[in-house]
Structure formats: C-alpha cells, structure tokens
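[1] Structure for the following, please:
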Amino acid sequence: MIDVIVIGAGPAGLAGAIACADFGLKVTVIDEFIKPGGRLLGQLHQEPSGEWWNGIKASERLHQEAKKLSVDIHCGVSVYNLEKKDQLWNVYTSVGALEAPFVLMATGAAEYPIPLPGWTLPGVMSIGAAQVMTNVHRVQVGKKGMIIGANILAFAILNELQLAGITVERIVLPEKSALSQEAGEPEEVMKSLLNAAHLAPSPLLRIGGRFMKNDWVRKMGLNFYPKNGMKVNGTSLQLRKAALEIIGKDQVEGVRLVDIDANGNIVAGSETIYEADFVCIAGGLYPLAELAAVAGCPFQYVPELGGHVPHHSETMETPLKGLFVAGNITGIESGKIAMAQGTTAGLSIAKHAGKGLGKIDQQLQQAIQNIHTVRRQATIQFNPKIDRGRKKMYELWENLYSNNGFS
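    Below is the predicted model:
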C-alpha cells in the first residue's frame, strides 16, 4: 500500500518525497512532464557569491536521493481528479487510480497569458517555454527576438537566453488593456522592477534604482525615459513602447510597436514595425492550484502571493485531512524555497503518520525556520511583499482552524 502520493516532481515534490521516505513511508511521485525536476530544469544563473546555480544538477541530486530511498517516480502521467473516500485519498490519473492516506500537492506555477493579435504564429512562446527549450532541450528559439512584458521573471530568463548566445534586441510592454492590466502601465512596471534594482548589471542602474523609489523622481524619470530605452546587458528595456501586434505570414516576422506616454496611453502616429523571428510573452506567474480546488480545498486571494492560494498552515497542512501543499502552489517564490517547503511538508506528513516520535517536532520547527532563512537570503523575490502575504495566510489559518484540531 502507498502511504503518500506526491503530485508534482519539481523541487517541492521531490524534497517532500525524500523527507517522507526518510521516515520509512512508502511514497509515489507522479508528474506530467517527461522527467523529474519541474522548473528547476530550466534554471541557470550566477549567485551573488559568484557560484553558479544549475537547476538541472540540483534536480539530478534530488532525483538520485529519492531513488536511494526507494521513492517510486512516474513521469508522463497526468492527474485529473482526486477525492476522499473513507480514510483514503483517491487520485485519478491518465494511467489509472491510486489511493493513499496522504497527498502532497506540489503542482507549482503557471504563466499568465497576455493575448494580442498574432500570438498564435509559430515563433511566439511564453518566456518559460523559451527557458525550457533553451536550457532543457537545447533548442535555439530564434536568432533575433523580442520580449513582450517587463518583469523579474523576464529578466531572469533573458540572462539565460543571452548565455546561450540568443539575441534579444528589446523588451517592451504589452498594450494597456483589461487583459494586460498593470503589465501595460509603465509606472507599475517600473515600481516592480525597482525591487530588483540591486541586481542591475551596472553601478549607474543600481544607484538610479534607489533614487527612483521616490514617487516624484519616478514620475519624472518616466516622463524623460529615453525613447530608445536603457541597455540591460545589451538588451534595450523600452518602457515607453508597447506591442500592438505580432506580424508574419507563416511564422513571426516582426512586431508592430507604438510609443506610449508615462501612463501607458498610445501616442498617435508613432507606429513602427521591428523585425524579429521569435517573440517571448512574459505575463508573470500564478499558483497552479486547480487540483486543490477539485479536491474541495478552500482558497484565499492573496495578491502578494501571486493570486488564489489554498488555505494552509506554516507546516503546509490544508483544512482537508491528509492533504498537504508545498512550493509555488502556496505562493510564487524560488526553487530553493520550494525545496525548503517540501521538506517541511514531508516532515509534517511523517508526524501525522505517527513517525519520528520524540524528535520530529524539533525537526519540523527547524524546517520552518529554514524556510525563513532561505527566504531572507533569496536573490530574487518575484513578489516583493511576500512576507506580508505569508502573514495574511497564517493569520487566516490561526483564526479559522487553530481551535479545530489543526496544527
């Protein structure tokens, strides 16, 4: 019999499986991708210490550790439903049904789409797809391209594309609309980017970023922002240009851009077509939590966490007995934090399974503290107010569930 079913073989899922298996629990991991690792597989960047973070190697280490502990991993398997029957969770997959008393949901995140005319042309992809094609499949996405959408995720992957020798000539905004929302507003985009100003490649940009946090200075900066943008590692960041349409007959041939004012409004008569053979759309990330909804888990909208997230405690427990969550399903953060959360969830499951008596409480508290430590040390925060979002969720948990037998 299976003790724990882990849905998602990314950093959170693998770390959680390892923590469970360490206490002798029989664990099965399922993932719809062709190999374990999740978003780790596409990550490649240099840490402030000068060391390189290679997601593929990190995922291989987790995979090998899980295999040593006899964790059963099945890739290329999709989950479409799960429900509680008596004391067991029934998980329905593309290869049949599984059942276990505990489920760890580590489904990760998905990208927000920003639709615009021409986005179905061959050569148009999400920024995450470009990352996977480049770093996982070793496929060159194009020779000269453009990113539509300026956010921290776009800049992290821009650097990886540049390391692979791929030319990204410019980053522009999507047209301001109900669909693009704040992604099409130059001031909102600048505010979000200023939270990562300390990572800018030049001292001038880093110093300027500190000054631009002042509202008046930021508005002045946008009004006088260079028409041709500012160079970031050779790529022009053009906050005063927006994409109206991706053009081409059988594939991407270019993008129709227009000048915009500091509020994102179109400047009449300013349309220009720029050549490109690929386009990446960067809409940002949101928690991939549909399966938790299918299971009947209650949700809360917490914008600081990236969207709607399932109710959960600091020990990664949900209000549904036997269902736990970890990683980006609980809020958008880095792979390292996902691993720390996965370990915490695994220890929490082991505790509920009656394992590790006498020592597991201390280990669980140490794991929670490790999440805080890793978060403080994080190079990039996808949502700068993540601590506020976490506090909201844990206060909600305390108010709703602390007197109902939950930890």
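[2] and the residue nearest to residue 401 when sequence neighbours are not counted, how many neighbours?
    Setting aside the residues directly before and after it, residue 401 is nearest to residue 319 in space (CB to CB, 6 or more residues apart in numbering), at 5.8 Å. (Each C-beta comes from the backbone N, C-alpha and C, glycine too.) Residues within reach of residue 319, counting by other CB atoms under 10 Å, total 17.
[3] before we move on, what about residue 85?
    A count of nearby residues for residue 85, using other CB under 10 Å, gives 8.
[4] Could you list which residues are in contact with the residue nearest to residue 401?
    Residue 319 is in contact with 297, 298, 311, 400, 401, 406, counting by CB atoms under 8 Å, 6 or more residues apart in numbering.
[5] a markdown table for these, including distance to residue 131, secondary structure and pLDDT?
    Output for these, formatted as a markdown table (distance: CB to CB, whole Å; DSSP: H, G, I helix; E, B strand; the rest coil; pLDDT from 0 to 100):
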| residue | distance to residue 131 | secondary structure | pLDDT |
| --- | --- | --- | --- |
| 297 | 29 | coil | 97 |
| 298 | 33 | coil | 97 |
| 311 | 31 | coil | 98 |
| 400 | 37 | helix | 92 |
| 401 | 37 | helix | 90 |
| 406 | 37 | coil | 65 |
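[6] the domain parsing of this protein - what is it?
    Following the assignment in automatic domain parsing, the chain carries domains at 4-110+285-401, 113-281.
[7] Distance from the chain centre to the longest one, please.
    This points to domain 4-110+285-401. On the basis of CA atoms, centre = their mean, to the nearest Å, domain 4-110+285-401 sits 13 Å off its chain's mean C-alpha point.
[8] Now the element after the top strand by length along the chain, going C-ward?
    Taking DSSP state E as the criterion, the chain has its longest strand at strand 235-247. Remark: after strand 235-247, the chain's next helix or strand is strand 254-259, criterion DSSP states H and E.
[9] strand partners of that following strand, parallel vs antiparallel please.
    Partner strands and pairing direction for strand 254-259 (DSSP bridges) are strand 235-247 (antiparallel), strand 272-275 (antiparallel).
[10] Point out where this protein drops to low pLDDT.
    45-50, 53, 195-224, 404-407 (pLDDT under 70).
[11] Tell me which stretches of it form helices.
    Along the chain, counting by DSSP state H, helices occupy 11-22, 55-68, 127-135, 152-163, 186-194, 203-211, 215-223, 290-294, 335-352, 360-376, 386-401.
[12] now for the fifth one, which elements pack on it?
    What it means is helix 186-194. With contacts taken as 3 or more CB pairs under 8 Å, 6 or more residues apart in numbering; DSSP states H and E, helix 186-194 sits against helix 152-163, helix 215-223, strand 235-247.
[13] number of nearby residues for residue 11?
    Quick note: residue 11 (other CB under 10 Å) scores 32 neighbours.
[14] same thing with the one 10 residues further on?
    Residues near residue 21, counting by other CB under 10 Å, number 24.
[15] do the one 4 residues further on as well
    A count of neighbours around residue 25, defined by other CB under 10 Å, yields 22.
[16] re earlier: closest one to residue 182 among the strands paired with strand 254-259?
    strand 235-247 (12.9 Å; CB to CB).
[17] check contacts around the residue of the chain most remote from its centre.
    For the chain, the residue at maximal distance from the C-alpha centroid (CA atoms, centre = their mean) is residue 269, at 37.7 Å. Under the criterion of CB under 8 Å, 6+ apart, residue 269 has no neighbours.
[18] Can you give me the distance of it to residue 24?
    As judged by CB to CB, to the nearest Å, residue 269 and residue 24 stand 71 Å apart.
[19] Residue 138 now?
    Counting by CB to CB, the gap from residue 138 to residue 24 is 39 Å.
[20] Next: residue 372.
    Counting by CB to CB - residue 372 and residue 24 are separated by 28 Å.
[21] Then residue 299?
    Look at residue 299 and residue 24: by CB to CB, they are 33 Å apart.
[22] cool, and residue 367?
    18 Å.
[23] Compare neighbour counts for these two and give me the winner.
    Comparing residue 367 with residue 24 by other CB under 10 Å, the one with more neighbours is residue 367, at 23 against 13.
[24] Identify the residue nearest that one in space, chain neighbours excluded?
    The shortest distance from residue 367 to any non-neighbouring residue, by CB to CB, 6+ apart, is to residue 344 (4.2 Å).
[25] Pairing partners for the residue nearest to residue 2 when sequence neighbours are not counted in the sheet, please.
    Nearest residue to residue 2 in three dimensions, chain neighbours excluded: residue 100, at 4.2 Å (CB to CB, 6+ apart). Judged by DSSP bridges, the bridge partners of residue 100 are residue 89.
[26] quick one, what contacts residue 100?
    Going by CB under 8 Å, 6+ apart, residue 100 touches 1, 2, 3, 4, 5, 28, 88, 89, 91.
[27] Give me the buried subset of those.
    Buried residues within the contacts of residue 100, defined by neighbour count using 16 or more other CB atoms under 10 Å: 2, 3, 4, 5, 28, 88, 89, 91.
[28] Adding distance to residue 247, write those out as a markdown table.
    Below are the buried ones among the contacts of residue 100 laid out as a markdown table (distance: CB to CB, whole Å):
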| residue | distance to residue 247 |
| --- | --- |
| 2 | 52 |
| 3 | 55 |
| 4 | 50 |
| 5 | 47 |
| 28 | 48 |
| 88 | 54 |
| 89 | 49 |
| 91 | 45 |
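[29] I appreciate the help and will end here.
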